[in-house]
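K.L.:
everything below, folded, please.
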Amino acid sequence: NITPDPQTGIGTWTSDQFYQMMHSGRFPDGGLVYPAMPFASYSKVTREDSDAIYAYLRTVTPVKQLNK
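P.N.:
Reported below is the predicted structural model:
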């Protein structure tokens, strides 16, 4: 869930945590994001672009959706 929901999304993440996830393929708690997010496709995103994506995602409507 990449909406800014604080319980089931990225609502509590910092831009640093988002950038690290894009490059390491791991959630802030250390869990793997793959296969839900193919991070290898994003690992070369610049910090500037990562911050822009993060800023945009902070503007979308939060959706509370637990993982299935």
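
K.L.:
when you work out contacts or count neighbours from here on, use the C-alpha atoms and nothing else.
P.N.:
Noted.

K.L.:
residue nearest the middle of this structure, spatially speaking?
P.N.:
F18 (4.8 Å; Cα atoms, centre = their mean).

K.L.:
for that residue, which non-adjacent residue is closest in space?
P.N.:
Distances taken as Cα to Cα, 6 or more residues apart in numbering place Y54 nearest to F18, at 7.0 Å, with adjacent residues excluded.

K.L.:
how about stretch 11-29: buried residues?
P.N.:
Within stretch 11-29, the residues scored as buried using 16 or more other Cα atoms under 10 Å are 11, 15, 17-27.

K.L.:
quick one: secondary structure of Q17?
P.N.:
Three-state call for Q17 (DSSP: H, G, I helix; E, B strand; the rest coil): helix.

K.L.:
do I have it right that it meets P28?
P.N.:
Yes. Applying Cα atoms under 8 Å, one finds Q17 in contact with P28, separated by 6.1 Å.

K.L.:
wait, what's in contact with the nearest residue to R47 once chain neighbours are set aside?
P.N.:
Counting by Cα to Cα, 6+ apart, the nearest residue to R47 once its immediate chain neighbours are dropped is Y19, at 6.8 Å. Counting by Cα atoms under 8 Å, 6 or more residues apart in numbering, Y19 touches 47, 50-51.

K.L.:
list just the nearest of the residues you listed to P6.
P.N.:
Each of these was scored against P6 by Cα to Cα, and D51 proved nearest at 18.4 Å.

K.L.:
how close does the closest one get to N67?
P.N.:
Distance of D51 to N67, computed by Cα to Cα, to the nearest Å: 25 Å.

K.L.:
swap in M37?
P.N.:
The value you get for M37 to N67, if Cα to Cα is used, is 13 Å.

K.L.:
neighbours of I10, just the number please.
P.N.:
22 (other Cα atoms under 10 Å).
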